[in-house]
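A.B. asks: Got a sequence here, can you build the structure:
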Amino acid sequence: MKDLLTANFAARRWTLSPVRAMRVVNWNIERGLRLPEIIDFLGSQNADLLILQEVDFNARRTRRLNIAEEIARRLGMNYVFGREFEELTQGSRTSPAYHGQATLSRWRLANPRVIRFRRQSNFWRPRWFLPRTEPFQERLGGRIALVTEIEGAGRRLTVYNLHLESRGNHDIRLAQMEEVLQDVKKQAPQSPTLIAGDLNFDASSTSPTQYFGFRSALGIPSPHTTPARGLFQRQRTIDWAFVSGPVEATLGHVHTDIRASDHYPISFTIRFC
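C.D. replies: Numbers count the residues shown, from 1 in each chain. Model prediction:
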């Protein structure tokens, strides 16, 4: 499978004036296991831009569906899917399964690409002594940033859709974030940029984004973005969004009442200055 899949389901949008605002939802959807509930919530938000992590493609656990395309088709959006891992316990040699990130938009998606991070954990790699069964979650591939440009009626927004490493030490996650920020520096100065995703750490005090002029879309401190998982695991604040350039983020919200995933969705509105 190629690193990228794309398809367009959005109706053409005609407007004489530049886009003034975009409604955004960022969410780790836990593979899409509860797809009807996920689609119901996303549809209720009337969002222009969806930034999704943990998105399945052809996996047994999600009925062999292309989850990104199912959502895009139902909501009338364009999408780009970036391949993160081949899930060895979810497919077969003749029908492999994949897992990654998806960015969906009502506007045109341009110049998609994948940054496959140089620094990776070896936790997921297959080992000869482990059976290829679901509890062991053996994988080929590595963590990525999915980069896409949103083009809407004279406006352009560069979007970095992140899923940083959940295993290993914190230095790995910071190195992956630093790689994203170095890529941002190559963009045109003062161009509107959005970094969002599952960072797997609390960025309220340790995020390097502050040194590059990024501002939180949710406010700091942010409410927790995952529920407690069992008796000994606390709620965590690991899902974030940051903006830079001539834009501002308003109406940031964590939807703690939505239980269609093991993460809560976050939403906000980007206004172009």
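
A.B. asks: got the contact list for Thr6?
C.D. replies: With contacts defined as C-beta atoms under 8 Å, 6 or more residues apart in numbering, Thr6 is in contact with Asn78, Tyr79, Val80, Phe81, Leu109, Pro112. Bear in mind the C-beta positions are built from the backbone N, C-alpha and C, glycine included.

A.B. asks: Would you list the phi and psi of the residue lying closest to Ser222 once chain neighbours are set aside?
C.D. replies: Computed as C-beta to C-beta, 6 or more residues apart in numbering, the closest residue to Ser222 that is not its neighbour in sequence is Thr237, at 5.5 Å. Taking degrees, to the nearest 10, you get phi -120, psi 90 for the backbone angles of Thr237.

A.B. asks: what's the distance between Thr237 and Ser121?
C.D. replies: Computed as C-beta to C-beta, to the nearest Å, the Thr237 to Ser121 distance reads 21 Å.

A.B. asks: which one of those two has more residues nearby?
C.D. replies: Using other C-beta atoms under 10 Å as the criterion, Thr237 and Ser121 rank with Thr237 on top: 19 against 15.

A.B. asks: so the more buried one touches Asn200, yeah?
C.D. replies: No: between Thr237 and Asn200 there is no contact under C-beta atoms under 8 Å: 10.9 Å.

A.B. asks: Would you mind measuring from Val55 to Trp14?
C.D. replies: Applying C-beta to C-beta to Val55 and Trp14 gives a distance of 30 Å.

A.B. asks: When the two are compared, which one has more neighbours?
C.D. replies: Set side by side, Val55 and Trp14 show more neighbours around Val55, with 33 against 6, by other C-beta under 10 Å.

A.B. asks: pretty sure that one is touching Leu33, no?
C.D. replies: No: shown here, Val55 and Leu33 do not form a contact pair, counting by C-beta under 8 Å, at 11.2 Å.

A.B. asks: Just the helices from the stretch 1-150 of the chain, written as ranges.
C.D. replies: Under the criterion DSSP state H, counting those that start in this stretch, the stretch 1-150 of the chain contains helices at 35-45, 67-75.

A.B. asks: okay if I get the ones you listed as JSON lines plus mean neighbour count and distance to Pro18?
C.D. replies: Shown next, in JSON lines, are those (neighbours: other C-beta atoms under 10 Å; distance: least, C-beta to C-beta, whole Å):
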{"stretch": "helix 35-45", "mean neighbour count": "16", "distance to Pro18": "23"}
{"stretch": "helix 67-75", "mean neighbour count": "21", "distance to Pro18": "24"}
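
A.B. asks: Switch the ones you listed over to CSV; also include distance to Phe242.
C.D. replies: Shown next, in CSV, are those (distance: least, C-beta to C-beta, whole Å):
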stretch, distance to Phe242
helix 35-45, 20
helix 67-75, 23
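
A.B. asks: what does the model give Pro135 for pLDDT?
C.D. replies: Per-residue pLDDT puts Pro135 at 61.

A.B. asks: quick one: low-confidence ranges for the protein?
C.D. replies: 15-16, 127-137, 153, 205-212, 220, 230-232 (pLDDT under 70).

A.B. asks: does Ala175 count as helix, strand or coil?
C.D. replies: Per DSSP: H, G, I helix; E, B strand; the rest coil, the secondary structure class of Ala175 is helix.

A.B. asks: coming back round to it: which one of the helices of the stretch 1-150 of the chain lies closest to Pro96?
C.D. replies: helix 67-75 (15.3 Å; C-beta to C-beta).

A.B. asks: which residues in the stretch 51-200 of the chain form strands?
C.D. replies: Secondary structure of the stretch 51-200 of the chain, counting by DSSP state E, counting those that start in this stretch: strands at 78-87, 98-105, 108-116, 139-141, 144-152, 155-163, 193-198.
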